[in-house]
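A.B. asks: have a look at this prediction, sequence included:
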Amino acid sequence: MSVEPALLAGEPAARPPKPGLPGRLARDGGIIFGALIILFMIVIGITAPWLGTKNPSEINPSFRNRVPGIEQTIRNDDGTARTFTYRMGTDSLGRDIYSRVIYGARVSLIIGITVAVISIAIGLFIGLIAGYLRWVDAVVMRLMDGLMAIPAILLAIALVSLFRAGVMSVIVAIIVPEVPRVVRLVRSIVLSVREEPYVEAAICAGTPTHLLLFRHVLPNTIPALIVQGTFICANAILLEAILSFLGIGIPPETPTWGNIMAEGRGLFRIYPHNIFFPGICLALTVLAVNVLGDGLRDKLDPKLARRV
Amino acid sequence: MGWPVTAPVLDVQGLTVRLPAGADRVHAVENVSFAVAPGEIVCVVGESGSGKSVTAHAVMGLLPPGQLTATAGRVLLEGDDLLRKSPTEMRRIRGDRISMIFQEPMTALNPVMKVGDQIAEVLDIHTRLSERERRARVLDVMTSVHLPEPERLIDVYPHQLSGGQRQRIMIAAALVLDPVLLIADEPTTALDVTTQAQILKLIKELRARRNTGVLFITHDFGVVAEVAHRVVVMQHGRVVEQGRTEDVLRRPRDDYTRMLIRAVPSLSPPPRAPAAAAPIVLQTTDLSKTYLARGFFAKRREVKAVKDVNLQVRRGETLGVVGESGSGKSTVARCIARLIEPTGGAILIEGADVARLGARALRPHRKRVQIVFQDPYRSLNPRRTVGAAITEGPMNFGMAESEAATRARNLMRLVGLDPDALARFPHQFSGGQRQRICIARALAMEPELLVADEPVSALDVSVQAQVLELIDDVRKRFNLAVLFITHDLRVAAQVCDRIAVMHKGEVVEEGTTAAVFAAPKHAYTRALFDSAPGRHFEFGKFEV
Amino acid sequence: MLGYILRRLLATLPVMLIVAVFVFLMLRLTPGDPAAVIAGDNANSEQVAAIRNSLGLDQPIFTQFFIWFGNILRGDFGESYFFKKTVAELITSRLEPTLALSLATIVIAVAVAVPLGVLAAYRQGTLIDKIVMGFSVLGFSVPVFVIGYSLIYLFAIKLNWLPVQGYQRIGDGFGGFLQRLILPSVTLSVIYIALIARMTRTSVLDVMGEDYIRTARAKGQVEVKVLFKHALKNAAVPIVTVIGLGVALLIGGVVVTESVFTIPGLGRLTVDAVLARDYPTIQAVILLFSFVYVLINLLVDLAYTLFDPRIRY
């Protein structure tokens, strides 16, 4: 049960200083767990070439569908031979799954972060304007309603079908369905903040609209947007994997977790690891981002818990 | 009525309730003792944070588990120590032998359950009555709390009732099993003054008829004077004084009690110099605001919030606009500050009509009218320093930062705060201090008219007096015109030169404060005055 | 009430119109000849000319839209040159599996999620709460197809309890129908359960902090009844709302799940259509799913009156 504020409230003359925000965040288990895993994945993505990988797109017809841990002697250009261990086996084209999984982290993270940043930026811009200008609001919100009436995955699928397959088109296809959600969130915050007496006081003080938005309204959207951003990031990583898995996302030679799994579908009964290794990485990454988001929400924006 | 001669229903002895670790003090309530006799109303009075509400919840066994725990003392209900009861035993006692009513009748009733069922629930929990008997008992108790047409109201939902009716339902549910003790936690604070008077009358009547002991929690000495047989004054979780109402109010022994009672504004207006000759700063002619509730394809509905209001405020004068909730008084204030656009009439500020100006044209007029709001906790942007709040306005109109900062320092001193506190954030100030900051912010614009929209309603009575004094002081010092919106007749009597009484969007009576208080003409004004709790009592005139 | 339903139905028209405009523009804004795009890569010039004619591509764009939209209102979604059928026929033949899968999923999800959410709220902060919430985050994080393949691996391949993939029409025997429906609907319900359980918990917790809950306790009511008699009904509106909004997730999940379990439904059709760039089919499927989604959320709005007497239409 929550504290009943009426019971505990006094006249708080001068509250003891709260620990700084970074301090409070660093004490939350979920935030630490999420941040560490994400950091780990970022490090893996950056240092992929030095983690015992080989070219993830290199086809090896004589060495297809091998089980994890198998070794192969590879002849180098200068004639010496070395042993390469396929830690996660090879796929039906003989590509090293371990290398593909490691390189796959790059694509997932790039897509997750890019989509989150761009969706938030666009949504914030439109939402601020819609929240403040009535005539824009009417038009924009009807458009957003229309976009939101199309289930997100379907909209993304429809959009990728229009472009040539590639990372950029996947990013655009995921951003479009996310933007209306950000717009709604920002708009709802703007509408509630502009009723606050301190905003009305600023209006009486003659503060021009653009400063009003910038000084008093915008800062109030930031906690919610940081939280929303993490959830968009998680969603985007998932959606990219789904599109690639369905064979309509990023071209199959690019190593992404979704592509590895798509490739592994055919021989799933015999070689389930083709799906499980990338699947675990994907789930772990998305889990980490979601847990981080939950932790941030509890600390930064408890009210967001009620929004969907 | 004297000290209880019969055994008390409730005898609280040395009650101590611990606060969770990290709070600003160790105990919410410390060593509190008092008693309530059958048929007696005992008021526990104190400011926010005094522990009065915690005391009530402790008696009821409703302290939030794990956060507040009674650590010492005894709570004897007819000799039975409630603190030693198991949760199950306490559940059997609650609703049957003790019951409780709360501050907000809007939220204290379950919105999705018929009110009759909510009363019947008590019978359902504690008795084995048949459906028919239950309904009869519910109708019976609804009649006894004077609800009109109980046969119809038994089957309605809370939102279909008025605030006063909802509180009657709460009281009916509390009294349906004839408990020996009724705990009333600020039961009339959320109600309008006329409704409050009716509920207070009802509580007095019921305790007399049923001989129920009443533990009445309040912050309002007017209410104390109206209903209490005995008074317990609390401060910082301790009892500082208790005794018969007459004794405590007329001959308080404790300094804090004296201060509290003295801070209650008197209902008789002090003599004030008329400002008849001064130039008119604000004049409204037929000011109207109509809201159109319109939906897509839905029927249109008109709500006339304000109808043809004519007001006039002169330089150096305070005009009080008095009314209950929904009277339109705040809408008037917001129209004049041009936070909303009126739908009809004119608003002349020093002769210039601002009623219909657009945002751009309005800007030069903005500095002339400044507003102070009710809620000090939401009136300042929590993310910006106090200094930024005060300098924002002048800098909007081109003042250099250094000059604005100097002005802010001077104003901080003027409103009685440390100028060095400008770099601090709002959460480091108390409610009263924040209201001072808001006044400084308004004054920084050097306005002609100050609109004060219930500026002291959210403050404790001791802080209230200081803020009122400050407002009156700046009015004199800057020769300001002040439009003072309030629901509190006592406050209005103290600070206003003239008052306008609003009812259902219209001004029903206007005149000098002295004249209106001495001889109210309109029936509504008279009803309002008759409802003021403790109106027969002159506070702060102590006998030695 | 009836008037309200009518008004709300009318109010969904603009939204559906905007969806239609999006879907229409989607194709017209792609570079190249829309007729050639629609006909697909292996169409002959006669087919392209026929399409150009039927869509009125030489007309101004507004006229084109009204021709297209008029056709749709008459149930004519055009022809799929890839499947060699009219789109309407195609959709009708794929309807049953998707409906069966969706309904089974909703039933499972609501039946599991609401009790879990209430339990988590009631035992807030305990191990049970943490397990439910942990499961919920996990449900949001593990992609549908990973769940699907894990379940197939465990229950079909290792334990051999259920068929691996495929679908059996309800007309061809109820037993086989049900047997093949279990894994996909459980797979699909995971994310939906996560969503609903979470919202149930939040909304019950919210309500438990309300004043009338304290009133019920002050009457001496036992906790179980406080929870079920007072809290749950008040918490219902947000829960029902999220069930409605979650249909978007469900539709997305259908697309993936049908691919994993090779179920010949609308989801599978969507993917095949995209792979074949069969635009008339893509357009029709998007319109259909969006229409269903909007309609369900309209029903949800109307259902509010069942839970909250303050909402009257």
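C.D. replies: Arrived safely.
A.B. asks: what ranges do the helices span in the chain?
C.D. replies: Just going to use chain A. Remark: helices assigned in chain A by DSSP state H are A:5-8, A:21-26, A:29-46, A:97-132, A:134-148, A:152-160, A:167-193, A:197-204, A:209-212, A:218-245, A:257-264, A:273-300.
A.B. asks: could you do chain C instead?
C.D. replies: Listed in chain order, the helices of chain C (DSSP H) span residues C:2-28, C:34-39, C:45-55, C:61-73, C:87-122, C:127-141, C:144-151, C:174-208, C:211-218, C:223-225, C:232-245, C:247-260, C:266-275, C:279-307.
A.B. asks: least reliable of those going by mean pLDDT?
C.D. replies: Of all these, mean pLDDT reaches its minimum on helix C:34-39 (a mean of 72).
A.B. asks: can you tell me what sits against that one?
C.D. replies: C:27-28, C:30, C:43, C:47-49, C:51-52, C:55, C:57, C:78, C:81, C:277, C:279-280 (Cβ atoms under 8 Å, 6 or more residues apart in numbering or on different chains). For every residue, glycine as well, the C-beta is placed using N, CA and C.
A.B. asks: try stretch B:58-71
C.D. replies: Contacts with stretch B:58-71, where a contact means Cβ under 8 Å, 6+ apart, come from A:1-4, A:7-8, B:10, B:12, B:15-20, B:28-29, B:54, B:57, B:75, B:82-83, B:85, B:87, B:90, B:93-94, B:98, B:100, B:181, B:183, B:215, C:214, C:217-218.
A.B. asks: check stretch B:455-471 too.
C.D. replies: Residues contacting stretch B:455-471 (Cβ under 8 Å, 6+ apart): A:11, B:47-48, B:219-221, B:259-260, B:263-265, B:372-377, B:415-416, B:430-432, B:435-436, B:438-439, B:450, B:452, B:482, B:484, B:486-488, B:491, B:494-495.
A.B. asks: pull out the buried positions in it.
C.D. replies: Across stretch B:455-471, burial judged by 16 or more other Cβ atoms under 10 Å in any protein chain shown covers B:455-456, B:458-468, B:470-471.
A.B. asks: on that earlier part again, between the contacts of helix C:34-39, which is closest to C:L138?
C.D. replies: Nearest to C:L138 out of the contacts of helix C:34-39 is C:R277 (Cβ to Cβ; 36.1 Å).
A.B. asks: write out the residues of the stretch 151-300 of chain A neighbouring chain B.
C.D. replies: With the criterion set to Cβ under 8 Å from any Cβ of the partner chain, the stretch 151-300 of chain A comes near chain B through A:196-209, A:211, A:215-216, A:219-220.
A.B. asks: if I look at the residue nearest the centre of chain A, what pLDDT would I see?
C.D. replies: Ranked by distance to the mean C-alpha position of chain A (Cα atoms, centre = their mean), the top residue is A:C233 at 1.3 Å. Per-residue confidence at A:C233 stands at 93 (pLDDT).
A.B. asks: list the contacts for it?
C.D. replies: Neighbours of A:C233 in contact, by Cβ under 8 Å, 6+ apart: A:112-113, A:115-116, A:289.
A.B. asks: ok, now with 10 Å
C.D. replies: A:38, A:108-109, A:111-117, A:119-120, A:285-286, A:289-290, A:292-293 (Cβ atoms under 10 Å, 6 or more residues apart in numbering or on different chains).
A.B. asks: what of B:I261?
C.D. replies: Counting by Cβ under 10 Å, 6+ apart, B:I261 has contacts B:45, B:221, B:224-225, B:233, B:248-250, B:252, B:461, B:537, B:539-542.
A.B. asks: helix or strand for the closest residue to chain A within chain B, which one?
C.D. replies: As assessed by Cβ to the nearest Cβ, chain A sits closest to B:G49 within chain B, at 2.5 Å. Following DSSP states H and E, there is no helix or strand that holds B:G49.
A.B. asks: doesn't B:G237 make contact with it?
C.D. replies: Yes. If you go by Cβ atoms under 10 Å, B:G49 and B:G237 touch, sitting 8.3 Å apart.
A.B. asks: now find how far off-centre stretch B:63-71 is within its chain.
C.D. replies: The chain centroid and the centroid of stretch B:63-71 are separated by 27 Å under Cα atoms, centre = their mean, to the nearest Å.
A.B. asks: for it, measure first residue to last.
C.D. replies: 12 Å (Cα to Cα, to the nearest Å).
A.B. asks: now swap in stretch C:140-160 and tell me
C.D. replies: Using Cα to Cα, the two ends of stretch C:140-160 sit 28 Å apart.
A.B. asks: which parts of that stretch are buried?
C.D. replies: Of the residues in stretch C:140-160, C:140-153, C:155-156 count as buried by neighbour count, 16+ other Cβ under 10 Å.
A.B. asks: next: stretch B:268-287.
C.D. replies: Buried, per 16+ other Cβ under 10 Å, within stretch B:268-287: B:269, B:272, B:275, B:281-285, B:287.
A.B. asks: compute the first-to-last residue distance for that stretch.
C.D. replies: Using Cα to Cα, the two ends of stretch B:268-287 sit 30 Å apart.
A.B. asks: average pLDDT across that stretch?
C.D. replies: On average, stretch B:268-287 scores 84.
A.B. asks: ok, is that stretch in contact with chain A or not?
C.D. replies: No. Using Cβ under 10 Å from any Cβ of the partner chain, stretch B:268-287 never reaches chain A; the gap is at least 14.6 Å.
A.B. asks: how about stretch B:302-314?
C.D. replies: No. Using Cβ under 10 Å from any Cβ, stretch B:302-314 never reaches chain A; the gap is at least 16.3 Å.
A.B. asks: report the backbone C-alpha coordinates of that stretch in PDB.
C.D. replies: This file holds the C-alpha atoms of stretch B:302-314, laid out as PDB (Å, rounded to 0.1, in the frame of the first residue of the first chain):
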ATOM      1  CA  GLU B 302     -24.000  26.200 -22.800                       C
ATOM      2  CA  VAL B 303     -22.600  26.800 -19.400                       C
ATOM      3  CA  LYS B 304     -22.800  30.500 -18.300                       C
ATOM      4  CA  ALA B 305     -19.900  30.700 -15.800                       C
ATOM      5  CA  VAL B 306     -20.000  34.400 -15.500                       C
ATOM      6  CA  LYS B 307     -23.000  36.700 -16.300                       C
ATOM      7  CA  ASP B 308     -22.900  40.500 -16.800                       C
ATOM      8  CA  VAL B 309     -20.400  41.200 -14.000                       C
ATOM      9  CA  ASN B 310     -19.700  44.900 -13.400                       C
ATOM     10  CA  LEU B 311     -16.800  45.600 -11.100                       C
ATOM     11  CA  GLN B 312     -14.700  48.600 -10.300                       C
ATOM     12  CA  VAL B 313     -11.400  48.800  -8.400                       C
ATOM     13  CA  ARG B 314      -9.700  52.100  -7.600                       C
END
